[in-house]
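**Student:** Here's a sequence, model it:
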Amino acid sequence: MALRPVTRRTLSDEVFDQLLDSVVDGELTVGESLPSERRLAEVLGVSRPAVREALQRIAQTGVVEVRQGGATLVRDYRRAAGLDLLPRLLVRGGRLDAAIARSVIEARAEVGPGIAALAATRGGPVLATELDELLTRMGTTTDPVTWQLGALDFWDLLVDGADSIVFRLMFNSLRTAYEPALPALGTLLAEEVGQVEPYRLLAAAIRAGDAATARAAATRVLTPTAEALLSAFAAVEADQ
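**Tutor:** Predicted coordinates:
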């Protein structure tokens, strides 16, 4: 039985979601002014403090700018926002955005080898032992989603070993965006289940402190997933 924590949403959360979706979906264009707090409160049927809190949160994402005098202008989120916006971009209206998903996989394939190389330099035998223990558990699963969650845990350990706050924050955002899509992607990744050996080679390179081999092994680990998903996303984009 899969249970999830129960969360209580506030009026500010609802206002935040509606306004942010309007910006991301292009209903509010770059340079356009948002309605005043009073007008938003009237239209949405909420208090002005709830609107004010939501606007402050949206400003922190970088997608709007609060000007002196109270005007709130829409910014180009592609140039102003951070990776924390990625999960919202990936799934919109209950549907996976193939173009955004493609960029997530491309970033994962490019960044992963660098993380592995740093982990080999900084992680050492202790990290390799943790990786081996995780791979033993991964080797017992036959479920594609469980396998991919194990693979994410593997990379989570590598990011710890890399000891880079920038890579950590990047990984957090990429995982938050990628993980909810796994049930839909499971059938595309079924052939990977049980393919432990490439991961074991990467763990061995970590243990040996061999950054170059770790980088190459990471590429070998990531390439099958990237190729399968990029082909699928290309097909989806062609149909749209």
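
**Student:** Identify the residues contacting residue 91.
**Tutor:** By C-beta atoms under 8 Å, 6 or more residues apart in numbering, residue 91 lies in contact with 97, 180, 181. To be clear about C-beta, it is placed using only N, CA and C from the backbone, and glycine gets the same treatment.

**Student:** From what I see, the first one and residue 88 are in contact.
**Tutor:** Yep, that's residue 97 we're talking about. No - the criterion here is C-beta atoms under 8 Å, and residue 97 misses it with residue 88 at 10.0 Å.

**Student:** Which among the contacts of residue 91 count as buried?
**Tutor:** Listed as buried from the contacts of residue 91 are 97, 181; burial here means 16 or more other C-beta atoms under 10 Å.

**Student:** Looking at the contacts of residue 91, which one is closest to residue 192?
**Tutor:** Ranked by distance to residue 192 (C-beta to C-beta), these are led by residue 181 at 15.4 Å.

**Student:** three-state assignment of that closest one?
**Tutor:** helix (DSSP: H, G, I helix; E, B strand; the rest coil).

**Student:** element containing residue 131, please.
**Tutor:** If you go by DSSP states H and E, residue 131 is part of helix 124-138.

**Student:** Geometric centre of the chain: which residue is closest?
**Tutor:** residue 174 (2.4 Å; C-alpha atoms, centre = their mean).

**Student:** OK, contacts around it?
**Tutor:** By C-beta under 8 Å, 6+ apart, the neighbours of residue 174 are 83, 86, 104, 107, 108.

**Student:** what packs against the helix or strand the fourth one falls within?
**Tutor:** Using DSSP H and E, the element containing residue 107 is helix 98-122. Helix 98-122 makes packing contacts with helix 86-90, helix 144-162, helix 165-178, helix 197-208, helix 211-239 when contacts are defined by 3 or more C-beta pairs under 8 Å, 6 or more residues apart in numbering; DSSP states H and E.

**Student:** Residue 57 touches residue 16, doesn't it?
**Tutor:** Yes - Residue 57 lies in contact with residue 16 (C-beta under 8 Å); the separation is 5.3 Å.
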